[in-house]
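Visitor: Sequence first, predicted coordinates after that:
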Amino acid sequence: MKKPIVVLGIGELGSVFARSFLKNNYPVYPITRETDINELANTIDPELILVCTGEADLQTALQTIPTQWKDRVAMMQNELLPRDWEAHDFTNPTVISVWFEKKKGMDSKVLISSPAYGEKAQILVDSLALINIPAHVVANDNALLFELVLKNLYILTTNISGLVLEPGTNVDDLRNQHLTLMRDVSKDVLTLQSQLTGKYFSEDQLERGMIKAFEGDLSHGCMGRSAPARLNRALTLANEFTLQVPTLEKIKASI
């Protein structure tokens, strides 16, 4: 019998991962708001704990991880960067940059293969493969960081651009009809990502990666429900570090 896997947060994506683990013969223990996580930690010895809460709830969720589980934590949120987990003393955490979406009443939709890195990455990749969701393990921390920044660039650029575009505008429209806006927003997003990571990234390489993701679903809408919150978070962080993000400020002033 394989060790169980704990899934903290059984929303749409959490349910996808839970199904993949069950398909891979792992018992799954869900953690909801009603679960006493410390009592559970004294009861089972899991293979890993996958944190599937939304971005806004991530820090609260990470603070609840029992000490005896800190060597087997995995995360999958959007807008995720090393600064989000480094303060929690996890040992070799696993991170997957999720490039599939799951909405209520519909099956999972894959854009591109989801990269993962960390001690438990292969379990995630193997499990997702059993429900026909492609994922792969990247080589090292630097490769993971690039992938996280790429996903952040994609989601922030499309969502924030969508705030000032016609309703229903998709990513194909964005790259073909609003390229200047796309690049102006991307530039501000990368300014913020560089500050948050202490690294500089190739704008050309990241744009190519973003366009590849666009091509995974050209009809993908730009503005999701979280777009206003993503813009507000980005501006709050930019203000904290006194960064110049003129396009984001202009968009905020116009909505």
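Guide: It's in.
Visitor: what sits up against stretch 92-110?
Guide: When contacts are defined by CB atoms under 8 Å, 6 or more residues apart in numbering, stretch 92-110 is touched by residues 12-13, 15-16, 48, 71, 73-76, 78, 80, 85, 111-121, 124, 131, 133-135, 144, 147-148, 150-151, 213, 216-217. Just so you know, the C-beta spots here come from the backbone N, C-alpha and C atoms, and that holds for glycine as well.
Visitor: Likewise for stretch 9-23?
Guide: 5, 7-8, 28, 30-32, 50-54, 57, 61, 76, 98, 100, 102-104, 108, 124, 127-128, 130-131, 133.
Visitor: Give me the buried entries from the contacts of stretch 92-110.
Guide: The neighbour count (16 or more other CB atoms under 10 Å) marks 13, 15-16, 48, 73-76, 78, 80, 85, 111-118, 120-121, 124, 131, 133, 135, 144, 147-148, 150-151, 213, 217 as buried among the contacts of stretch 92-110.
Visitor: And the helices in this protein?
Guide: Counting by DSSP state H, the segments of the chain that form helices are 12-23, 37-41, 58-63, 121-129, 141-162, 171-177, 179-197, 203-216, 227-240, 246-254.
Visitor: what angle separates the first one from helix 121-129?
Guide: Taking axes from the mean of the first three to the mean of the last three CA atoms, to 10 degrees, one finds helix 12-23 and helix 121-129 inclined to each other by 90 degrees.
Visitor: Would you mind writing the CA trace of helix 12-23 as PDB?
Guide: Coordinates of each C-alpha in helix 12-23 appear next as PDB, following Å, rounded to 0.1, in the frame of the first residue of the first chain:
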ATOM      1  CA  GLU A  12     -11.600  22.600  -9.000                       C
ATOM      2  CA  LEU A  13      -7.800  22.000  -9.400                       C
ATOM      3  CA  GLY A  14      -7.500  20.200  -6.100                       C
ATOM      4  CA  SER A  15     -10.100  17.700  -7.300                       C
ATOM      5  CA  VAL A  16      -8.200  17.100 -10.500                       C
ATOM      6  CA  PHE A  17      -5.000  16.300  -8.600                       C
ATOM      7  CA  ALA A  18      -6.900  14.200  -6.100                       C
ATOM      8  CA  ARG A  19      -8.300  12.100  -8.900                       C
ATOM      9  CA  SER A  20      -4.900  11.700 -10.500                       C
ATOM     10  CA  PHE A  21      -3.500  10.400  -7.200                       C
ATOM     11  CA  LEU A  22      -6.300   8.000  -6.700                       C
ATOM     12  CA  LYS A  23      -5.700   6.700 -10.300                       C
END
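Visitor: I'd like the average pLDDT over it.
Guide: Across helix 12-23, pLDDT averages out at 97.
Visitor: same deal with the last one?
Guide: For helix 246-254, mean pLDDT is 98.
Visitor: Flag every buried residue along it.
Guide: Within helix 246-254, the residues that qualify as buried are 247, 248, 251, 252, counting by 16+ other CB under 10 Å.
Visitor: from the residues you listed, which is closest to residue 230?
Guide: Nearest to residue 230 among the buried residues of helix 246-254: residue 248, at 10.2 Å, using CB to CB.
Visitor: isn't the closest one right next to residue 186, touching?
Guide: No: counting by CB atoms under 8 Å, residue 248 stays clear of residue 186, with 10.8 Å between them.
Visitor: mind checking how far residue 233 is from residue 122?
Guide: Residue 233 is 32 Å from residue 122, where distance means CB to CB, to the nearest Å.
Visitor: And residue 82, by the same measure?
Guide: Residue 82 is 21 Å from residue 122, by CB to CB.
Visitor: just residue 112 next, same as before
Guide: From residue 112 to residue 122 the distance is 19 Å (CB to CB).
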